[in-house]
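Novice: sequence and computational prediction follow.
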Amino acid sequence: MRLAVLGGGGFRVPLVHRALLADRGPGRVTELVLHDLDKARLDAIGHVLAQQAADCADPPRVTTTTDLDEAITGATFVFSAIRVGGLEGRVTDEQVALGEGVLGQETVGAGGIAYGLRTIPVAMEIARRVAVRAPEAWVINFTNPAGMVTEAMSRHLGDRVIGICDSPVGLGRRVAKALGIDPATAWFDYAGLNHLGWLRGVHVGGRDLLPRLLADPDALHSFEEGRLFGADWLRTLGAIPNEYLHYYYFTRDAVQAARDLPHSRGAVLTEQQRRFYESVRRDPGHALAAWESARIEREVTYGAESREAAGAGHRDADDLESGGYEKVALALMRAIAHDERATLILNVRNRTTLSTLDDNAVVEVPCVVDAGGARPVVADQLPDYAQALVGAVKAVERATIHAAVHADPTAALKALALHPLVDSVTVARRLLDGYLRKIPELAYLRENHRAR
Ligand code: G6P
Ligand code: MN
C-alpha cells in the first residue's frame with residue numbers, strides 16, 4: 001500500500017513514519033513517497049527516516065520527489081501537511097495582527113484568515129489533481145487551518161478528504177487521566193469546529209463522568225485545560241473547551257501575553273527549524289538525534305502564550321510524548337483500508353449532525369470510520385453559547401474560502417471584520433492592507449484590491 005505525504009520535507013513527517021514502523025499488521029503501508037517543493041528539506045527528513053528505520057525489520061520503502069503527479073499516482077492515501085509561505089509567513093501573520101492589537105495565531109483570528117487565504121488556493125489545486133490522478137485515494141488533511149482547508153478541499157473531493165487534529169484526542173486523554181479511567185473505555189461527547197470544540201460528556205457504561213470531574217477542583221487543576229480555563233469557568237460552561245478556546249474566552253490576557261513574550265511562536269519555530277535543517281546538512285549522521293531534540297523543544301514550548309496568560313505553568317510529561325496526531329492518522333488509515341470499524345474525532349462534512357449548520361459545512365465531531373469512510377455520529381446539539389461562536393466562525397471560514405476561490409479582496413475583508421476576535425471594521429481594513437503588502441502569496445488578491 002502506497003502513502004504519499006505532501007509537505008514530505010516537513011518537521012513532523014518522522015512522527016508519521018514512526019507510527020508506520022510500529023504498525024506490524026498485514027496490509028500496512030509498504031511504500032512511503034515524500035513530496036516537497038524543497039529538495040534540501042526532503043534530503044534532511046530522508047536522513048532522519050533512514051536512521052529511524054535502521055533497527056527495524058521490513059520498514060516501508062521511502063522515496064522522495066518534487067513532482068506532485070508522481071507522488072500521488074497510485075497512492076491509496078495522501079497526507080497533506082503543507083505550509084504555504086513557510087514559517088516566515090506564520091511570523092508575518094502574527095506580527096501584522098499583533099501590530100493592530102489582535103491575535104495572530106496560525107489557526108485562530110486574523111492570523112488564521114491570512115494563513116487560510118494563502119493556503120486554500122494551493123490546497124484546492126492539490127485536491128483537483130488528486131481527483132484526476134488518484135480518484136480512488138483518500139486524502140487526510142493535516143494542513144492548518146485544518147477545518148477551513150478541509151472544507152475547501154471537499155469541494156473537489158467530497159467525503160474523500162478527512163481533516164485531522166490531535167487536540168481533541170489530547171483533551172480526551174488528559175480528562176481520562178484526571179478521572180482515573182482508561183480512555184479506550186469512554187465515549188467522548190465532543191463537538192464543534194476544528195480548534196473550536198467542547199467536550200460535553202465522558203460516558204462510561206451508561207454514566208456521564210464529566211459532572212464528577214467538574215465538581216472536583218483538584219482533579220481539574222491536574223491537567224492543562226483545567227488550569228488554562230480555571231475550575232469556575234469550566235463549571236459555568238458545564239463543558240471542557242478545546243485549548244484553543246482560551247483565545248476566545250481570555251482574549252485580552254492572550255493578546256497581552258503574546259505581546260509580552262520576547263518572540264512569537266512563529267519566530268521561535270523559524271529559528272528552531274533553521275537550526276535543525278542546517279545541522280542535518282552539516283552532519284547528516286546525527287539527523288535523528290538532532291530531530292528528536294528539536295521535537296522535544298517544540299513540545300515543551302507549545303502553547304506558551306496561553307499558559308503564560310493563565311499562569312498554567314509547564315506542560316505535563318505525558319503531553320510531551322507528541323500530541324499523537326500521527327496515531328490518529330494511522331488509526332484512520334487502518335480503519336478505512338481494513339474495514340476495521342473505529343470511532344475517531346475527525347473533520348468531515350456535517351450532513352445533518354449539527355442542526356445550525358448546513359450539510360456541507362466541515363465540522364469536528366466523533367465519526368464512525370470503516371471502508372466506506374467517516375460518518376459523523378453526534379448525539380446532542382451544541383449548547384447555545386457554542387452555537388453562537390461556531391456560527392460566527394463558520395461564516396468567517398466561508399468568506400475566506402470565497403475570497404480564495406474568487407480572488408475577492410472584499411470577501412477577505414468581510415472574513416477579517418466578522419471574526420469575533422477582530423473588534424472593528426477599521427482594524428480589519430488595516431489588517432487586510434498589512435497582509436496584502438507583506439505576504440507574497442497573496443498577490444492574487446492584491447491585484448484585485450488595487451483595481452477597486
Ligand atoms: C497542535 C495543534 C496543531 C498544530 C500543533 C503544532 O497539535 O492541534 O494544529 O499544528 O499543535 O503547533 P506548533 O505551534 O508547535 O506549530
Ligand atoms: Mn490542530
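Specialist: Alright, I've got the coordinates. Ligands and ions are numbered 1, 2, ... in the order given.
Novice: only C-alpha atoms for contact and neighbour calcs from this point on.
Specialist: OK.
Novice: so what's the residue count around G206?
Specialist: Neighbour count for G206, taken as other CA atoms under 10 Å: 9.
Novice: just the buried residues of stretch 336-345, please?
Specialist: Residues of stretch 336-345 classed as buried by neighbour count (16 or more other CA atoms under 10 Å): I336, A337, R341, T343, L344, I345.
Novice: in the helix or strand where Y385 lies, which residues are buried?
Specialist: Using DSSP states H and E, Y385 maps to helix 384-406. Residues 386-387, 389-390, 393-404 are the ones in helix 384-406 that count as buried (16+ other CA under 10 Å).
Novice: which parts of the protein are strands?
Specialist: For the chain, strands defined by DSSP state E occupy the ranges 2-6, 31-35, 61-65, 77-80, 138-141, 161-163, 187-193, 196-204, 207-208, 240-241, 342-349, 362-370, 373-376.
Novice: could I get the ones you listed in a markdown table, plus columns for distance to ligand 1 and mean pLDDT?
Specialist: Putting these into a markdown table (distance: least, CA to the nearest ligand atom, whole Å; pLDDT from 0 to 100) gives the following:
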| stretch | distance to ligand 1 | mean pLDDT |
| --- | --- | --- |
| strand 2-6 | 15 | 98 |
| strand 31-35 | 19 | 98 |
| strand 61-65 | 23 | 98 |
| strand 77-80 | 12 | 98 |
| strand 138-141 | 11 | 98 |
| strand 161-163 | 11 | 98 |
| strand 187-193 | 12 | 97 |
| strand 196-204 | 11 | 98 |
| strand 207-208 | 26 | 98 |
| strand 240-241 | 13 | 98 |
| strand 342-349 | 12 | 97 |
| strand 362-370 | 12 | 98 |
| strand 373-376 | 20 | 98 |
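Novice: looking at those, which is buried most?
Specialist: Per residue and on average, the most neighbours among these fall to strand 161-163, with a mean of 29 (mean count of other CA atoms under 10 Å).
Novice: if we can go back for a sec, need the strands of the chain in a markdown table (columns: distance to V422).
Specialist: As requested, the strands of the chain are exported to a markdown table (distance: least, CA to CA, whole Å):
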| stretch | distance to V422 |
| --- | --- |
| strand 2-6 | 32 |
| strand 31-35 | 36 |
| strand 61-65 | 41 |
| strand 77-80 | 29 |
| strand 138-141 | 27 |
| strand 161-163 | 26 |
| strand 187-193 | 19 |
| strand 196-204 | 16 |
| strand 207-208 | 37 |
| strand 240-241 | 21 |
| strand 342-349 | 25 |
| strand 362-370 | 22 |
| strand 373-376 | 31 |
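Novice: before we move on, back to that, which one of the buried residues of stretch 336-345 is nearest to P262?
Specialist: Taking CA to CA as the measure, P262 lies nearest I345 of these, at 35.1 Å.
Novice: how much space between the residue in the stretch 101-250 of the chain that ligand 1 sits nearest to and R315?
Specialist: Using CA to the nearest ligand atom, the closest approach of the stretch 101-250 of the chain to ligand 1 is made by S167 at 4.7 Å. Computed as CA to CA, to the nearest Å, the S167 to R315 distance reads 14 Å.
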